[in-house]
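J.: Fold the following and give me the result.
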Amino acid sequence: MTVLGVAIMVLWTVLCLVWAVLSLPGGLMANASGGFSPNAHMTMLALLAIGQLIVLAAGIPGGRAFFEDADRAALLWWMAKLVALGVVLQIGAVAWFFNFGRR
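T.: Predicted structure coming up:
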């Protein structure tokens, strides 16, 4: 089970990096027309990055849950909370940008 836990952590990291690479160009192009304030745009990009780092950090308890039987429920609960927090932060950043970021 230890190998599976490490594999989960590595796969989770790779998938988070792919998500970051794919979302970065979209975030950079969100202000292509110049209709949004530069501060709002930079805030959105920063919050997206923070949310992605939080989701990336969720892979640690998720992978550890496979080789720590006694703490499996708590580790999976922490993973779920971190994923939820990161996703809400990313969705909130984009929603805030498009609703309140106009000049």
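
J.: what's the distance between the residue nearest the centre of the chain and N99?
T.: The chain has Q52 as the residue nearest its centroid, 2.3 Å off, counting by CA atoms, centre = their mean. For Q52, the distance to N99 equals 21 Å [CB to CB, to the nearest Å]. All C-beta spots, glycine's among them, are computed from the backbone N, C-alpha and C.

J.: next one: V18
T.: Taking CB to CB, one finds V18 at 28 Å from N99.

J.: same thing with S37?
T.: On the measure of CB to CB, S37 and N99 end up 13 Å apart.

J.: Please identify which of these two sits among more neighbours.
T.: S37 (15 against 8; other CB atoms under 10 Å).

J.: phi, psi of that one?
T.: Main-chain torsions, S37, degrees, to the nearest 10: phi -70, psi 140.

J.: can you pull the contacts of the nearest residue to it once chain neighbours are set aside?
T.: Spatial nearest neighbour of S37, chain neighbours left out: R103 (5.2 Å); criterion: CB to CB, 6 or more residues apart in numbering. Neighbouring residues of R103 by CB atoms under 8 Å, 6 or more residues apart in numbering: G35, F36, S37.
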